[in-house]
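# Got a predicted structure plus its sequence, pasted below:
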Amino acid sequence: QVQLVQSGGGLVQAGGSLRLSCATSGRTFSRVYMSWFRQAPGKEREAVAGITWSVGSTFYADSVKGRFTISRDIAKNTVDLQMNSLKPEDTAVYYCAAAIAFRMGWRNERSYDYWGQGTQVTVSS
């Protein structure tokens, strides 16, 4: 059984920073990339940032470029999302996800095999 366990998040004022972390527990598995998604109330879940596991190439949604940074620690099997200059529109439940194969691109939810439990991020104005 594979579990992605998220930590971090919370409430912050606009312009502040938060860091999310996602750790893998359970059996080991090979992954090709991991990503962070978010879902705001009344909206569809959207891809925020992704990283290829072996090379560390990164991808970002236009809305977070220059503000968010995704990173991974291969030895610890963790992926983090550093979020700076937060805006009220960043308020959402954030999910980490892992893909074991390259399928439909990092932005597509169907590319992922495992998901974290979700973490609330609230940015007040």
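On my side now, so go ahead. Residues are numbered from 1 along each chain as shown.
# now for this protein, which residue lies nearest the mean position of the chain?
In the chain, the residue lying closest to the centroid (Cα atoms, centre = their mean) is residue 36, at 1.9 Å.
# That one should be in a helix, yeah?
No: counting by DSSP: H, G, I helix; E, B strand; the rest coil, residue 36 is not found in a helix; it is strand.
# Distance check, it against residue 118.
Distance of residue 36 to residue 118, computed by Cβ to Cβ, to the nearest Å: 11 Å. Every C-beta, even on glycine, is put in place using the N, C-alpha and C of the backbone.
# Spell out which residues are contacts of both of these two.
94-95 (Cβ atoms under 8 Å, 6 or more residues apart in numbering).
# count of residues packed around the closest residue to residue 61 other than its chain neighbours?
Once flanking residues are discounted, residue 61 sits nearest to residue 48: 5.4 Å by Cβ to Cβ, 6 or more residues apart in numbering. A count of neighbours around residue 48, defined by other Cβ atoms under 10 Å, yields 25.
# shouldn't the residue nearest to the centre of the chain be in contact with residue 48?
Yes: counting by Cβ atoms under 8 Å, residue 36 does reach residue 48; the two are 4.6 Å apart.
# anything in contact with each of these two?
Common neighbours of residue 36 and residue 48, counting by Cβ under 8 Å, 6+ apart, are 81, 94.
# Which parts of the protein are strands?
2-8, 10-13, 18-26, 33-39, 46-52, 58-60, 68-73, 78-83, 92-99, 114-115, 119-124 (DSSP state E).
# Could I get those strands in TSV, plus columns for mean pLDDT and distance to residue 108?
TSV is the format used below for the strands of the chain (pLDDT from 0 to 100; distance: least, Cβ to Cβ, whole Å):
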stretch	mean pLDDT	distance to residue 108
strand 2-8	96	18
strand 10-13	98	28
strand 18-26	94	19
strand 33-39	97	10
strand 46-52	97	8
strand 58-60	98	12
strand 68-73	97	17
strand 78-83	97	18
strand 92-99	98	10
strand 114-115	96	14
strand 119-124	98	21
